[in-house]
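Q: Return a 3D structure for these sequence lines:
(one chain, ligands or ions: 2)
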Amino acid sequence: MWAFNQAFHARRVRRLTFPENLPRRGVRAHQWPSLDVFVCTADPRKEPPMGVVNTALSAMAFDYPAGKVNVYVSDDGGCRVTLLAFAEAARFARHWVPFCREVGVRERSPEAYFAAPRAHPSERDVDVVGHAMPSLIYVSREKRPCVHHHFKAGALNALTRVSATMTNAPIILTLDCDMNCNDPQAPQRALCHFLDPDAPPNLAYVQFPQHFRGMDENDIYGCEWKGPFQINPIGMDGLRGPDFEGTGCFFRRRALHREPLLLNSKVSDPWVYLYAFLFTSAYIQDLFIFLRANGTIRRWWNNQRMWMIRGVTCFPLASIQFFFQNCGISGSTFNLTGKARHDDEQSDRYARGIFEFGTVSSPFFVSLATVAMINLVAFWVGLVRAVLEEGYFDSMFVQVVLCGFVVVNCWPVYEAMVVRKDGGRLPGEVKRVSFFMALVIFAIAYLVSSM
Ligand SMILES: O=c1ccn([C@@H]2O[C@H](COP(=O)(O)OP(=O)(O)O[C@H]3O[C@H](CO)[C@@H](O)[C@H](O)[C@H]3O)[C@@H](O)[C@H]2O)c(=O)[nH]1
Ligand SMILES: [Mn+2]
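A: Ligands and ions are numbered 1, 2, ... in the order given. Presented below is the predicted three-dimensional model:
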């Protein structure tokens, strides 16, 4: 435990933001991206609608161009009282938002504002005409007994889709229903990070820490969660960045469409170096072990190729067969291994180190030829796009290199498909089936990626 926790203290990062410098950086308020705020609520008995309204109002009153703020409320309770409360809130907001701006209120949740002791400001007649208001959108998604609703995650997914069709703001703020945005400049501070030229281009979100109110003096229940919400994120920031806390997080919408996985890493991403390092060092170690056991480099290369070929042929096929046998769908089978024959042609090829694909039209060769075709096409498409599209190579570098590696390994397969005329070449039937399989897989990949 102790050892693992040291990671939180190795590289602590504290960040300061200066929103007043945004205009000097050439980013004026009318150029700021619009903002979709998501507020989730589920149960009006446990989460009083007035509390949800206060959360929404504190966001509507952000120091941000009002025409660029859209507040979406997800009501998983589908409750009329909540809807009614929001109808009232929308009316109240016409007064509250300009009031906060003019008086410079800091706590912009009405509840927090009126709870704090203060000298009352002189009554002002708030002119509401002509000022753009943030929009307030009430959403209650359909739930069915047969489809799992996935709680808050499902609600956020629904809001992501709904907001994409309505306002599609590039920045999204997620809030729980019992929040109070205690800094009206929070969106501007998030912008400072998103627009920072030194920020990584794949910066997906800016997480504001959760602070809790209403604890007893000594916090006997330990409700402050200082570790997870205040101490640890600063340490995580110095490593790969803090985690998503569920609320108070500003997302770039585009980050939700494609989450970076390792394979989507950019060349500039340190993880690529780690990945490349592990890959090459594992391979070099394997080579040395092989050479030390009286191997040669060529043998080692072919050995790793066969290891890859087995990975797409006999291992999966054996697993499928094992599965079918265990389900009683097919009986156990035993394939007698073809023993060496003294076919002159074949043994001649064997002696010359030429692969034998032609004896039988085995499903072995179908999966192998399919993999070979897919990687060849993917490699070429990747190279062409890297030349034509700016930034493509940076984001797809790892994939292109991996495809290239498979292509080099598959060289004998291409030869057996295209060049060879001898009896050991890939049978036409296998070629046709593999071609069809590759087409199907490309079609599926295309459909999935365009979804
Ligand atoms: O079906 C559901 C269930 C919950 N919620 C909302 O999700 C939020 C969080 O739920 P809550 O019961 O308050 O959970 P907490 O234990 O307070 O949640 C903490 O832990 C969660 C993850 O475990 C994070 O998502 C929260 O932001 C964090 O405050 C609330 O706004 C709920 O209204 C829904 O919208 N739909
Ligand atoms: Mn909560």
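
Q: got the contact list for residue 349?
A: Residue 349 is in contact with 355, 356, 422, 424, counting by C-beta atoms under 8 Å, 6 or more residues apart in numbering. No exception for glycine: its C-beta is placed from N, CA and C like everyone else's.

Q: Residue 6: how many residues sit nearby?
A: 9 (other C-beta atoms under 10 Å).

Q: And the contacts of residue 349, which is closest to residue 14?
A: Using C-beta to C-beta, residue 355 is the member of the contacts of residue 349 that sits closest to residue 14, with 60.3 Å.

Q: doesn't residue 422 make contact with that closest one?
A: No: Residue 355 lies out of contact with residue 422 (C-beta atoms under 8 Å); the separation is 10.7 Å.

Q: can I get the contacts of residue 349 in TSV with neighbour count and secondary structure?
A: Formatted as TSV, the contacts of residue 349 follow (neighbours: other C-beta atoms under 10 Å; DSSP: H, G, I helix; E, B strand; the rest coil):
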residue	neighbour count	secondary structure
355	17	coil
356	13	coil
422	13	coil
424	18	coil
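
Q: Report the two of those residues separated the most.
A: 355 and 422, at 10.7 Å, using C-beta to C-beta across these.

Q: ok so, going back, of the contacts of residue 349, just say which sits nearest to ligand 1.
A: Checking the contacts of residue 349 against ligand 1 by C-beta to the nearest ligand atom gives residue 355 as the nearest, at 54.2 Å.

Q: Quick one: residues contacting the closest one.
A: 349, 412, 413, 415, 416, 424.

Q: try it again with 6 Å
A: By C-beta atoms under 6 Å, 6 or more residues apart in numbering, the contact list for residue 355 reads 412, 416.

Q: now it: how far from residue 417?
A: 11 Å (C-beta to C-beta, to the nearest Å).

Q: buried set for stretch 298-317?
A: By neighbour count on 16 or more other C-beta atoms under 10 Å, the buried set for stretch 298-317 is 300, 309, 312, 313.

Q: C-terminal to the helix or strand hosting the first one, what's the next element?
A: What it means is residue 300. Taking DSSP states H and E as the criterion, residue 300 maps to helix 297-312. Remark: after helix 297-312, the chain's next helix or strand is helix 314-326, criterion DSSP H and E.

Q: Restrict that following helix to CA atoms and write it as CSV.
A: What follows is helix 314-326, C-alpha atoms only, in CSV (Å, rounded to 0.1, in the frame of the first residue of the first chain):
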residue,chain,number,x,y,z
CYS,A,314,-4.2,-23.5,-35.0
PHE,A,315,-4.6,-21.8,-31.7
PRO,A,316,-8.0,-20.2,-32.4
LEU,A,317,-9.2,-23.2,-34.4
ALA,A,318,-8.2,-25.6,-31.6
SER,A,319,-10.0,-23.4,-29.1
ILE,A,320,-13.2,-23.4,-31.3
GLN,A,321,-13.0,-27.1,-31.6
PHE,A,322,-12.5,-27.6,-27.9
PHE,A,323,-15.5,-25.3,-27.2
PHE,A,324,-17.7,-27.3,-29.5
GLN,A,325,-16.6,-30.6,-28.1
ASN,A,326,-17.3,-29.4,-24.5
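
Q: Okay, angle between it and helix 297-312 too, please.
A: Helix 314-326 and helix 297-312 are oriented at 30 degrees to each other (axes from the mean of the first three to the mean of the last three C-alpha atoms, to 10 degrees).

Q: What is helix 314-326 packed up against?
A: Using 3 or more C-beta pairs under 6 Å, 6 or more residues apart in numbering; DSSP states H and E as the contact test, no helix or strand touches helix 314-326.

Q: Just after that helix, pick out the following helix or strand.
A: Taking DSSP H and E, what comes next after helix 314-326 is helix 344-352.

Q: Going toward the C-terminus from that next one, what's the next helix or strand?
A: Immediately after helix 344-352, counting by DSSP H and E, sits helix 363-388.

Q: what's the angle between that following helix and helix 314-326?
A: If you take the same axes, to 10 degrees, helix 363-388 sits at 130 degrees to helix 314-326.

Q: Pull out the buried positions in the next helix or strand after helix 363-388.
A: Elements were assigned by DSSP H and E; along the chain past helix 363-388, the next helix or strand is helix 392-409. Within helix 392-409, the residues that count as buried by 16+ other C-beta under 10 Å are 393, 395-398, 400-404, 406-407, 409.

Q: Do you know the pLDDT at whichever residue of the stretch 351-451 of the chain sits closest to ligand 1?
A: Nearest residue of the stretch 351-451 of the chain to ligand 1: residue 451, at 24.7 Å (C-beta to the nearest ligand atom). The model reports residue 451 with a pLDDT of 74.

Q: Show me what the helix holding residue 300 is packed up against.
A: helix 363-388.

Q: Measure how the helix it packs on sits relative to helix 392-409, angle-wise.
A: Using the same axes, to 10 degrees: helix 363-388 against helix 392-409 is 150 degrees.

Q: And helix 363-388, how far out from the chain middle?
A: Put simply, helix 363-388 sits 25 Å off its chain's centre (C-alpha atoms, centre = their mean, to the nearest Å).

Q: list the buried ones in that helix?
A: 364-376, 378-379, 382, 386.

Q: which residues does residue 35 form a beta bridge with?
A: residue 69, residue 171 (DSSP bridges).

Q: can you pull the contacts of the residue of the chain found nearest ligand 1?
A: Nearest to ligand 1 in the chain, going by C-beta to the nearest ligand atom, is residue 246, at a distance of 2.5 Å. If a contact means C-beta under 6 Å, 6+ apart, then residue 246 has no contacts.

Q: Provide the secondary structure category for it.
A: The three-state label given to residue 246 by DSSP: H, G, I helix; E, B strand; the rest coil is coil.

Q: Pull up the gap between it and residue 59, please.
A: Distance, residue 246 to residue 59, by C-beta to C-beta: 16 Å.

Q: Please apply the same query to residue 18.
A: Residue 18 sits 22 Å away from residue 59, going by C-beta to C-beta.

Q: Looking at the two, which one has more neighbours?
A: Per other C-beta under 10 Å, whichever of residue 18 and residue 59 has more neighbours is residue 59, with 28 against 11.

Q: didn't that one look like it was pressed against residue 72?
A: No: judged on C-beta atoms under 6 Å, residue 59 makes no contact with residue 72 at a distance of 10.2 Å.

Q: pLDDT weak spots in the stretch 51-200 of the chain?
A: By pLDDT under 70, the low-scoring segments of the stretch 51-200 of the chain are 117-130.
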